[in-house]
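Undergrad: test case, fold it:
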Amino acid sequence: HTSIISTRHYRAPEVILGLGWSYPADIWSIGCIIVELYTGDAMFQTHENREHLALMQKIIGQLPKSMTCRTNEQKKYFDSEGKLK
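TA: Purely as a prediction, here's the structure:
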């Protein structure tokens, strides 16, 4: 397995954060595709991880601290409280 899966626009937060992946990442991708089919617009039109995470948080709210604290990218993307920099 590779650590990065799916097309950027459909990539789940756990994949971006390098936390591994399983079927929930597929469900996330399917949800993004359904929204795109319904609205005609991609939800996440970005090519940069920090912006992608910010767009996700704008839609679903702050990512769970259990996710933000487990990533090796914690200092890169989040402050000590788990909030996106």
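
Undergrad: which stretches of this structure have low pLDDT?
TA: Filtered on pLDDT under 70, the chain yields the residue ranges 1-2.

Undergrad: got the phi/psi numbers for the residue most central in space within it?
TA: Closest residue to the average C-alpha location of the chain: Pro13 at 2.3 Å, with CA atoms, centre = their mean. Torsion angles at Pro13 (phi, psi; degrees, to the nearest 10) stand at phi -60, psi -40.

Undergrad: ok, it touching Met67?
TA: Yes. Using CB atoms under 8 Å, Pro13 is in contact with Met67, at 6.6 Å. C-beta coordinates here come from the backbone N, C-alpha and C atoms, glycine included.

Undergrad: on that earlier part again, the residue nearest to the centre of the chain: what's it in contact with?
TA: Counting by CB atoms under 8 Å, 6 or more residues apart in numbering, Pro13 makes contact with 28, 53, 56, 63, 67.

Undergrad: tell me which helix or strand the first one sits in.
TA: Going back to what we said before, that points to Trp28. helix 23-39 (DSSP states H and E).

Undergrad: can you give the contact residues for that helix?
TA: Taking CB under 8 Å, 6+ apart as the rule, helix 23-39 contacts 5-6, 9-15, 42-44.

Undergrad: quick one, helices of this structure?
TA: Taking DSSP state H as the criterion, the chain contains helices spanning 13-16, 23-39, 49-60, 65-68, 74-77.

Undergrad: gap between the last one and the chain center?
TA: Translated: helix 74-77. Its chain's average C-alpha position is 14 Å from that of helix 74-77, according to CA atoms, centre = their mean, to the nearest Å.

Undergrad: CA atoms only: put that helix into CSV for me.
TA: Provided in CSV are the C-alpha atoms of helix 74-77 (Å, rounded to 0.1, in the frame of the first residue of the first chain):
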residue,chain,number,x,y,z
GLN,A,74,1.1,18.1,13.7
LYS,A,75,3.6,20.9,14.1
LYS,A,76,3.4,21.6,10.4
TYR,A,77,-0.4,22.2,10.3
